[in-house]
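Asker: below: sequence and its predicted model.
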Amino acid sequence: MQVIQVNQNEAGQRLDKLLTKYLNEAPKSFLYKMLRKKNITLNGKKADGSEKLSVGDEIKLFLAEETIHKFSKREIQTISDINLDIIYENDHVLILNKPAGVLSQKAKESDVSLNETIISYLLSQQKITTQELKTFRPAVCNRLDRNTSGIVIAGKTLLGLQEMSALLRNRDLSKYYRCFVKGVIKEQQLIDGWLYKDEKTNKVTILSKERKGASYIKTQYVPIANGKDITLLEVKLLTGRSHQIRAHLSSIGHAIIGDYKYGDKTINDWYKKNYNVTAQLLHSYRLELPAMKEPFLDLSKVILIAELPHIYHKIQKEKMS
């Protein structure tokens with residue numbers, strides 16, 4: 001027999017949903033049969049699976065250990081080389097500075113992403129157990145492109161994941177990026193348009209007029225420093241679409257340095273040769289959070305900064321006055 005004590009990461013969902021996570025290899029017909037025969041009970045009583053769980057509920061599995069093991073096969077991919085640049089951490093949230101070249105989430109099964117690194121970190125710090133990972137997995141709330149660096153928010157708990165995801169979805173927090181772009185920009189500007197994504201090529205096009213399948217976008221930017229043929233911008237996303245900053249700036253003649261998908265190959269090749277730039281110079285730099293309530297009061301109106309990679313300081317020093 002095994003006992004599952006429902007915690008805050010499991011509460012609020014239906015019993016049958018939790019069971020499909022815990023016994024992830026078991027057919028649903030088997031789970032419902034065990035519920036009918038009272039081989040699985042909730043708080044000592046017969047259940048049908050539709051019950052909504054609360055913190056402290058007790059689920060008992062009157063099943064052989066061999067059966068539980070057979071139906072709960074789940075690989076936990078961990079890594080030994082844990083290298084996280086943690087900007088902020090509390091009981092519910094982990095905010096990180098992601099380097100360029102690291103996936104936020106897996107693109108294919110064999111990948112190792114920030115999610116696996118976060119889980120490895122939490123296991124190593126005894127902040128989560130392998131048992132808890134059967135029914136809830138910490139994960140990133142916002143994704144950055146592999147070759148974009150900077151702030152990534154992760155939920156350590158279900159509450160943290162839900163709260164941060166809601167803030168991102170409702171655009172209740174402000175995200176600012178720093179990037180080097182081709183050409184000289186002297187004035188701040190607000191630009192808009194329509195973004196159309198080709199799913200086959202994973203490339204977007206910026207349009208001046210609405211089109212079926214296209215999304216409205218709005219981007220604001222402010223020049224921080226200028227060189228002879230390069231500008232350091234601070235960009236605020238007023239809408240959040242795939243490749244928005246990269247494609248939007250390219251569409252007005254100011255492509256991001258190092259961006260081979262939307263940028264200028266000649267310029268990119270020069271920076272690759274002279275500065276070893278191998279990824280677009282786009283960095284999620286600053287995060288401004290709104291007023292928050294318990295249990296997130298420590299994050300209320302907080303401003304978080306992800307330090308710029310060294311290459312940004314080098315280029316600014318050598319290419320800008």
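Answerer: The structure has been received and is ready for your questions.

Asker: alpha carbons only for contacts and neighbour counts from here, please
Answerer: Will do.

Asker: who's in contact with the nearest residue to residue 259 once chain neighbours are set aside?
Answerer: Spatial nearest neighbour of residue 259, excluding adjacent residues (C-alpha to C-alpha, 6 or more residues apart in numbering): residue 280 at 4.4 Å. Residues counted as contacts of residue 280 (C-alpha atoms under 8 Å, 6 or more residues apart in numbering) are 147-148, 256-260.

Asker: quick check, nearest of these to residue 56?
Answerer: Minimum separation from residue 56 among those (C-alpha to C-alpha) is found for residue 148, which lies at 41.7 Å.

Asker: surely the closest one meets residue 278?
Answerer: No. Here residue 148 does not reach residue 278: they are 11.1 Å apart, not a contact under C-alpha atoms under 8 Å.

Asker: out of these two, which sits in the busier spot?
Answerer: residue 148 (22 against 18; other C-alpha atoms under 10 Å).

Asker: tell me the pLDDT at the residue nearest to residue 259?
Answerer: pLDDT for residue 280: 96.

Asker: ok, now how distant is it from residue 180?
Answerer: 9 Å (C-alpha to C-alpha, to the nearest Å).

Asker: mutual contacts of those two, please.
Answerer: Shared contacts of residue 280 and residue 180, counting by C-alpha under 8 Å, 6+ apart, come down to 256-257.

Asker: restricted to helices, list the contacts of residue 280.
Answerer: Using DSSP state H, no member of these sits in helices.

Asker: need the three-state assignment for the residue nearest to residue 259.
Answerer: Following DSSP: H, G, I helix; E, B strand; the rest coil, residue 280 is assigned to coil.

Asker: same deal with the one 4 residues further on?
Answerer: Put simply, residue 284 is strand when judged by three-state DSSP.

Asker: check contacts around it.
Answerer: Counted by C-alpha under 8 Å, 6+ apart, residue 284 has contacts 148-151, 175-178, 306.

Asker: can you tell me how far the residue nearest to residue 259 is from residue 258?
Answerer: Using C-alpha to C-alpha, residue 280 is found at 4 Å from residue 258.

Asker: same check, this time on residue 236
Answerer: For residue 236 relative to residue 258 (C-alpha to C-alpha), the value is 20 Å.

Asker: when the two are compared, which one has more neighbours?
Answerer: With neighbours defined as other C-alpha under 10 Å, residue 236 and residue 258 compare such that residue 258 has more, 27 against 21.

Asker: so that one sits against residue 270, correct?
Answerer: No. With contact defined as C-alpha under 8 Å, residue 258 does not reach residue 270; the gap is 9.4 Å.

Asker: following element in sequence after the helix or strand where residue 116 lies, please.
Answerer: Using DSSP states H and E, the element containing residue 116 is helix 114-124. Next along the chain after helix 114-124, taking DSSP H and E as the criterion, comes strand 139-140.

Asker: which strands or helices does the helix or strand following that next one pack on?
Answerer: Sequence order places strand 149-155 as the next helix or strand after strand 139-140, per DSSP H and E. Judged by 3 or more C-alpha pairs under 8 Å, 6 or more residues apart in numbering; DSSP states H and E, strand 149-155 is in contact with strand 93-98, strand 139-140, helix 158-169, strand 282-288.

Asker: tell me the phi and psi of residue 205?
Answerer: phi -120, psi 140 (degrees, to the nearest 10).

Asker: test of understanding: give the bridge partners of it.
Answerer: Beta-bridge pairing of residue 205, defined through DSSP bridges, involves residue 196.

Asker: could you report the pLDDT at it?
Answerer: So residue 205 comes in at 94 (pLDDT).

Asker: spatially central residue in this protein, please.
Answerer: Nearest to the mean C-alpha position of the chain, by C-alpha atoms, centre = their mean, lies residue 142 at 2.9 Å.

Asker: could you check how far that one is from residue 236?
Answerer: 16 Å.

Asker: do residue 210 as well
Answerer: Taking C-alpha to C-alpha, one finds residue 210 at 22 Å from residue 236.

Asker: what's the answer for residue 168, then?
Answerer: For residue 168 relative to residue 236 (C-alpha to C-alpha), the value is 14 Å.

Asker: reformat the helices and strands packed on strand 149-155 as JSON lines; add distance to residue 27.
Answerer: Formatted as JSON lines, the helices and strands packed on strand 149-155 follow (distance: least, C-alpha to C-alpha, whole Å):
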{"stretch": "strand 93-98", "distance to residue 27": "34"}
{"stretch": "strand 139-140", "distance to residue 27": "26"}
{"stretch": "helix 158-169", "distance to residue 27": "26"}
{"stretch": "strand 282-288", "distance to residue 27": "43"}
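
Asker: of those, which is nearest residue 45?
Answerer: That would be helix 158-169 among the helices and strands packed on strand 149-155, by C-alpha to C-alpha, at 26.7 Å.

Asker: and the closest one, what other elements does it pack with?
Answerer: Using 3+ C-alpha pairs under 8 Å, 6+ apart: helix 158-169 touches strand 149-155.

Asker: list the contacts of the strand it packs on.
Answerer: By C-alpha under 8 Å, 6+ apart, strand 149-155 touches 92-101, 138-144, 160-162, 164, 282-287, 305-308.
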